[in-house]
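> What would the 3D arrangement of this be:
(chains A and B)
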Amino acid sequence: DAGITQSPRYKITETGRQVTLMCHQTWSHSYMFWYRQDLGHGLRLIYYSAAADITDKGEVPDGYVVSRSKTENFPLTLESATRSQTSVYFCASSGTGGRSSYEQYFGPGTRLTVT
Amino acid sequence: DQQVKQNSPSLSVQEGRISILNCDYTNSMFDYFLWYKKYPAEGPTFLISISSIKDKNEDGRFTVFLNKSAKHLSLHIVPSQPGDSAVYFCAAKTPTSGTYKYIFGTGTRLKVLA
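Here you go, the predicted structure:
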């Protein structure tokens, strides 16, 4: 089906473990984004990517790593999870101009708990 | 430094009346603004947008107004319906010179009372 999907939807992990959150989109959008949502902070940008092999830091990149070898995939890795990384993570994608293509579309989210 | 601010964490409105959600920004270089609606346990969904070269955009019950001199935008929902109860985020897009990104506000929780 067309759209943007995230996996897993729920994840519980222990402090110090490596965790990878997956994001896949079928629109061939150039841009992809990772956000975290925390109470009182809204949506904060972690990393974004303008195209395959082009990534850049957002507001809160520390402790996270991204890669984008294919246009449709944008995995987010927590190299050594900490309790402060307990959050809901959203992946999003958007286009590169033209009518309505700056509209950003979100996945359903991954709820991550670090114990 | 919060570049996009939604100063009202919550808003309650009677069904059928107008809901007005506000958003302020500090960077005059933002060139596109968007509103999103978010239900619990779901991702945000795009609602309506406006380019910085316009001052109004309308889509059905939803209208977004942009006042660039005041660096302020607002979302009007008329008439409000119980299904509109959700958290609303405004977002601003940085100019597309090279790459762009979005900056989000902290959200306003709208409750429409039946």
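> only C-alpha atoms for contact and neighbour calcs from this point on.
OK.
> closest point of chain A to chain B, which residue?
Across chain A, no residue is closer to chain B than residue A:42, which sits at 3.8 Å (C-alpha to the nearest C-alpha).
> Contact partners for that residue?
Residues in contact with residue A:42 (C-alpha atoms under 8 Å, 6 or more residues apart in numbering or on different chains) are B:89, B:104, B:105, B:106, B:107.
> And it, how far from residue B:91?
11 Å (C-alpha to C-alpha, to the nearest Å).
> tell me, what's touching those two both at once?
By C-alpha under 8 Å, 6+ apart, residue A:42 and residue B:91 have these common neighbours: B:104, B:105.
> related to what we said a few turns ago, dihedrals phi and psi, the residue of chain A closest to chain B?
When read as degrees, to the nearest 10, the backbone of residue A:42 gives phi 70, psi -140.
> who's it bridged to?
On the basis of DSSP bridges, residue A:42 is bridged to residue A:38.
> With residue A:55 instead?
Beta-bridge partners, per DSSP bridges, of residue A:55: residue A:49.
> Also residue B:25?
Here residue B:25 shows beta-bridge partners residue B:4, assigned using DSSP bridges.
> Not counting its neighbours along the chain, what's nearest residue A:8?
Spatial nearest neighbour of residue A:8, chain neighbours left out: residue A:110 (6.2 Å); criterion: C-alpha to C-alpha, 6 or more residues apart in numbering or on different chains.
> From residue B:74, how far off is the one you found?
The spacing between residue A:110 and residue B:74, counted by C-alpha to C-alpha, is 30 Å.
> what do you get for residue A:12?
Taking C-alpha to C-alpha, one finds residue A:12 at 38 Å from residue B:74.
> Neighbour count: the two, which is higher?
residue B:74 (19 against 11; other C-alpha atoms under 10 Å in any protein chain shown).
> The more buried one sits in which helix or strand?
strand B:72-77 (DSSP states H and E).
> what packs against that strand?
When contacts are defined as 3 or more C-alpha pairs under 8 Å, 6 or more residues apart in numbering or on different chains; DSSP states H and E, strand B:72-77 packs onto strand B:19-25, strand B:62-67.
> Let me see the mean pLDDT of it.
The pLDDT scores in strand B:72-77 average 98.
> Show me what the very next helix or strand once past it is packed up against.
Sequence order places strand B:86-93 as the next helix or strand after strand B:72-77, per DSSP H and E. Applying 3+ C-alpha pairs under 8 Å, 6+ apart, one finds that strand B:86-93 contacts strand B:4-5, strand B:32-38, strand B:102-104, strand B:108-113.
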